[in-house]
Every structure is written in structure tokens, then in C-alpha cells.
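Q: here is my input; please provide its structure:
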Amino acid sequence: MPRRLYRGVNHAIIIAAGVAAYHDTTFRYLRPFEDAYEVLRTLTRTDLTRGVITAGLEKKQAEKLVRMRLVPLLTPNAIFISDQLGVSKPTKSSTSGPAATSTSSPARPCTSATTR
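A: Predicted coordinates:
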């Protein structure tokens with residue numbers, strides 16, 4: 001953005017406005033797919049490991065899982081965030097570690113949330 005557009009504006013205000021807009025958007029639009037809760041609740045009655053591999057910064061990805069109220073439906077040691085794995089985006093090789101910690105073999109990946 002050209003400096004002339006924000007000349008005289010406190011930089012902290014610009015940053016705070018961006019953070020507020022991000023949080024407002026996340027709160028308003030980030031939702032699990034319609035059937036995600038039902039499927040995960042059903043799976044909690046089984047011995048299956050219910051996990052997620054998500055790409056992004058540790059705190060932001062954790063916040064999204066908490067905001068979507070998915071954490072209680074997941075197996076605690078099966079939540080993997082790429083930032084914690086030391087990669088920027090999950091790849092086939094970076095998911096082998098999380099898959100190895102599971103007591104079951106993953107049948108196929110699925111997506112449980114979207115932004116609309």
C-alpha cells in the first residue's frame with residue numbers, strides 16, 4: 001500500500017485493524033462442514049483414532065480447531081499442526097510421522113472444515 005494513503009496514521013492502529021478484521025472474519029465464516037459434528041460424534045463411540053493434520057502457524061490453527069468446537073471430538077494425540085512438525089505445508093513425507101503414531105492406518109484423507 002502506498003505510504004501516502006496511511007501517512008499520519010499510527011501504525012499500531014493499522015495492525016490492530018487488520019487483526020480485528022481477521023478475527024471477525026474467522027468468527028463469522030469459519031465453520032466445519034455440515035455433517036462434521038455428526039460424523040465425529042458417531043466416531044467417538046468407536047475405537048478409531050480421530051485426528052487432523054492442518055497447515056499453518058501453531059496458534060492460529062489451534063485457535064481455529066477450538067473455535068469450531070472440534071477439539072473434544074478428536075483424539076488428543078492425533079492433532080498435528082504443520083508448524084509443530086517443522087514444515088510449512090503437510091506433504092506425504094511429513095504425514096508419515098503422524099500416521100505412525102496412530103494405532104490405525106488412515107483409509108483416506110478427508111476435509112472437515114471450510115471457509116465460506
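
Q: got the residue ranges for the helices in the protein?
A: In the chain, the helices defined using DSSP state H lie at 11-29, 36-43, 58-67, 82-85, 96-101.

Q: Gln84 versus the residue nearest the centre of the chain, what's the distance?
A: In the chain, the residue lying closest to the centroid (CA atoms, centre = their mean) is Gln61, at 3.7 Å. Note on Gln61: its distance to Gln84, by CB to CB, to the nearest Å, is 9 Å. In short, each C-beta sits where N, CA and C put it, glycine included.

Q: can you check Tyr22 too?
A: 21 Å.

Q: mind checking pLDDT for Met1?
A: Met1 carries a pLDDT value of 72.

Q: tell me how many other residues crowd it.
A: 6 (other CB atoms under 10 Å).

Q: that one and Ile79, how far apart?
A: To Ile79, Met1 is 36 Å away according to CB to CB.

Q: for Asn77, see how far away Tyr29 is.
A: In terms of CB to CB, Tyr29 sits 29 Å off from Asn77.

Q: again with Thr46
A: Look at Thr46 and Asn77: by CB to CB, they are 17 Å apart.

Q: residue ranges with poor pLDDT in this structure?
A: Residue ranges of the chain with pLDDT under 70: 89-116.

Q: one more pass at 50, please.
A: For the chain, applying pLDDT under 50 flags the ranges 109, 111-112, 114-116.

Q: using PDB, write down the CA coordinates of stretch 68-78.
A: Output of stretch 68-78 as PDB, limited to C-alpha atoms (Å, rounded to 0.1, in the frame of the first residue of the first chain):
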ATOM      1  CA  MET A  68     -15.000 -24.800  15.500                       C
ATOM      2  CA  ARG A  69     -15.500 -26.800  18.700                       C
ATOM      3  CA  LEU A  70     -13.800 -29.800  17.100                       C
ATOM      4  CA  VAL A  71     -11.100 -30.500  19.800                       C
ATOM      5  CA  PRO A  72     -13.300 -32.500  22.200                       C
ATOM      6  CA  LEU A  73     -14.300 -34.800  19.200                       C
ATOM      7  CA  LEU A  74     -10.600 -35.500  18.200                       C
ATOM      8  CA  THR A  75      -8.200 -38.000  19.800                       C
ATOM      9  CA  PRO A  76      -5.900 -35.700  21.800                       C
ATOM     10  CA  ASN A  77      -2.600 -37.100  20.500                       C
ATOM     11  CA  ALA A  78      -3.800 -37.100  16.900                       C
END
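
Q: lovely, talk soon.
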